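Chemist: fold the following for me, if possible:
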Amino acid sequence: MGITHHEFVRLLPQAVGSHRFHVHGNTVDVENDHGHRIHIELGDEAVRQIALMRIPTTPVTLIFDGYDEDARTAFMQRFDRAYHRGGG
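Modeler: The predicted model follows:
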């Protein structure tokens, strides 16, 4: 993702909605009301440079536990919207 760890955590409440979450260093544990969990791992921050533009990057891994395909899709739609950056 084109984001720093700080920005990721700042936008996290919007991304997970009503789900509870706990940040532990570079990992985040998310849980819904049904006991289903998502473990998020943030990799090392880096910078991607394209000409004079510098973009922060962070590898992000999401591991779902107890989510069926529809629930994963619904979560990822909300998650993607929260971190989407517009341009034009």
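Chemist: this structure: helices as residue ranges?
Modeler: Using DSSP state H, the helices of the chain run over residues 5-16, 69-83.
Chemist: packing partners of the longest one?
Modeler: When you say that, I think you mean helix 69-83. helix 5-16, strand 60-65 (3 or more Cβ pairs under 8 Å, 6 or more residues apart in numbering; DSSP states H and E). Heads up, the C-betas are built off the backbone N, CA and C, glycines and all.
Chemist: and the ones you listed: which comes nearest Thr27?
Modeler: Closest to Thr27 of the helices and strands packed on helix 69-83 is strand 60-65 (Cβ to Cβ; 9.6 Å).
Chemist: how about the contacts made by Ile50?
Modeler: With contact set as Cβ atoms under 8 Å, 6 or more residues apart in numbering, Ile50 has no partners.
Chemist: quick one: it from Leu62, how far?
Modeler: Per Cβ to Cβ, to the nearest Å, Ile50 is found 26 Å from Leu62.
Chemist: quick one, which of the helices and strands packed on helix 69-83 is nearest to Arg37?
Modeler: strand 60-65 (4.4 Å).
Chemist: packing partners for the closest one?
Modeler: Other elements packing on strand 60-65 under the criterion 3+ Cβ pairs under 8 Å, 6+ apart are strand 37-42, helix 69-83.
Chemist: all good on my end, thank you.
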